[in-house]
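>>> here is a sequence together with a model predicted from it:
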Amino acid sequence: MIFSIILLVLLFLSVLVIIGQFVTQALPFNHSLTTGTRDIGPRLEECVLKDNDAHSKIAVVPVEGIITESDLDGQGNSMVDVIKAELDRANDDKNVRAVILKVNSPGGEVMASDEINKAIADFQNKSDKPVICSMSSLAASGGYYVSVPSRWIVANELTITGSIGVILHSWNYRDLMDKVGLAPVTYKSGKFKDMLDGERSTNEIPPEEHAMVQGLIDETFQKFKDVVREGREQAHEQNKQEGKSLASDWEDYADGRVLSGRQALGLGFVDELGDFDKAVARAKTIAHIHNANLIEYRERYDISEFLHLFGQSGSAHDVKLDLGVDMPKLQAGQLYFLYLPMSQ
């Protein structure tokens, strides 16, 4: 009887969802029920974080965890997609006067970090609304890469930031294969087609390959430094004497080392020391507003997506053991702007 009741309830809910979707699509004002100007991608709804009974708004856009282009919400939307959608909503809403980028990330994939960096820069140029970065406990490597186009950067004095550099990770397991009697057989069209293949012994790797891989890393590293230089110089030009300019020897500290917020301030990597409230106050000052409501755009899920879970494969419902440490799964051959304290 209990099982039958559950089935009837689920059937009733699914019917309500179908009717609701049909009515929503049929209504002439359907556009106001969707997510602004975006017809595809993340579906966002505005949530009030702090109601100050104000007309103006400050949108908070979080960047948390590993920066990646992988599916973030189970609906095919990545972190990049979600952040771009949030910036689009902030651009469309004339009451949003500024954006606070709330960063707590060790970095991540090079391409994903660069996409977010460009999205923030484009948003400021297109909307003329300032982005103020508020660094939490960690804003290193790619976490700093996405922060640097901001008009103003606020870091706590204990924030871990910096780690300006590039890492490419691979494994060489040929010795292990030799011990168990496994011999690789590879057919390739060119000398370097098996670059970064872990099945080769180290003496089989030509020196030209080392040079090419290092050249790729050096090129990406130069891009990182260019982004830092351009972002900080542009911000200093806009902030005049109120912000911090890069120290003359800042590149000496762009060697992968991490910095505290106070050290970063001394080198001009950030503009001010403080917490999230200090970032809010700075956003009001730059946007020339006395008060504002703090809002955040969050992904909206409906009952149909909940019921969709029952149709997913069993692998989607695997039980994971939480050990308190969320270590990234680095893909061989993938370039990362990433701070890896536990691998050192």
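Perfect, I can see it now. Residues are numbered from 1 along each chain as shown.
>>> centroid-nearest residue for the chain?
Ile67 (3.9 Å; C-alpha atoms, centre = their mean).
>>> what residues does it make contact with?
Contacts for Ile67 (C-beta atoms under 8 Å, 6 or more residues apart in numbering) come out as 79, 105, 107-109, 112-113, 116, 142-143, 146, 337. In this view, the C-beta of every residue, glycine as well, is placed from N, C-alpha and C.
>>> Asn95 is in contact with Ala59, isn't it?
No. Counting by C-beta atoms under 8 Å, Asn95 stays clear of Ala59, with 9.8 Å between them.
>>> which elements pack onto the helix or strand hosting Ala112?
In the assignment (DSSP states H and E), Ala112 maps to helix 110-127. Contacting helix 110-127 under the criterion 3 or more C-beta pairs under 8 Å, 6 or more residues apart in numbering; DSSP states H and E are the following elements: helix 79-92, strand 131-140, helix 142-145, helix 207-239, strand 335-338.
>>> between that helix and helix 79-92, how many degrees?
Here helix 110-127 runs at 0 degrees with respect to helix 79-92, directions being taken by axes from the mean of the first three to the mean of the last three C-alpha atoms, to 10 degrees.
>>> going forward, count from 516.
Will do, 516 is the new start, and the previous item becomes helix 625-642.
>>> what mean pLDDT does helix 625-642 get?
The average pLDDT within helix 625-642 is 96.
>>> next, the contact list for the spatially closest residue to Phe739 that is not a sequence neighbour, please.
Leaving aside its sequence neighbours, Phe739 sits nearest to Ile679 (C-beta to C-beta, 6 or more residues apart in numbering; 5.8 Å). Neighbour list for Ile679: 656, 659, 739-740, 743, 768-771 [criterion: C-beta under 8 Å, 6+ apart].
>>> can you lay out those residues as CSV showing distance to Met692 and neighbour count?
Putting the contacts of Ile679 into CSV (distance: C-beta to C-beta, whole Å; neighbours: other C-beta atoms under 10 Å) gives the following:
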residue, distance to Met692, neighbour count
Ser656, 33, 30
Tyr659, 39, 33
Phe739, 36, 23
Lys740, 39, 14
Val743, 42, 22
Tyr768, 41, 17
Ala769, 38, 18
Asp770, 35, 11
Gly771, 32, 16
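>>> for these, which one is nearest Ala750?
Within the contacts of Ile679, distances to Ala750 taken as C-beta to C-beta reach their minimum at Val743, with 10.9 Å.
>>> nearest residue to that closest one other than its sequence neighbours?
Going by C-beta to C-beta, 6+ apart, Val743 has Val663 as its nearest residue, at 5.4 Å.
>>> so Phe707 touches Ala726, yeah?
No. If you go by C-beta under 8 Å, Phe707 and Ala726 don't touch, sitting 10.9 Å apart.
>>> for Arg813, find the nearest of the helices and strands packed on helix 625-642.
Nearest of these (C-beta to C-beta): helix 594-607, 9.2 Å.
>>> partners of the next helix or strand after that closest one in the sheet?
Next in sequence after helix 594-607, counting helices and strands by DSSP H and E, comes strand 611-620. As defined by DSSP bridges, the strand partners of strand 611-620 come to strand 572-579 (parallel), strand 646-655 (parallel).
>>> how far off centre is strand 611-620?
Distance of strand 611-620 from the chain centroid (C-alpha atoms, centre = their mean, to the nearest Å) equals 12 Å.
>>> in contact with Val576, which residues?
598, 601-602, 605, 614-617, 811-812.
>>> shaky segments in the stretch 566-715 of the chain?
587-589 (pLDDT under 70).
>>> rerun at 50
Judged against pLDDT under 50, the stretch 566-715 of the chain has no low-scoring part.
>>> re earlier: of the contacts of Ile679, closest to Ala802?
Of the contacts of Ile679, the one sitting nearest to Ala802 (C-beta to C-beta) turns out to be Tyr659, at 23.6 Å.
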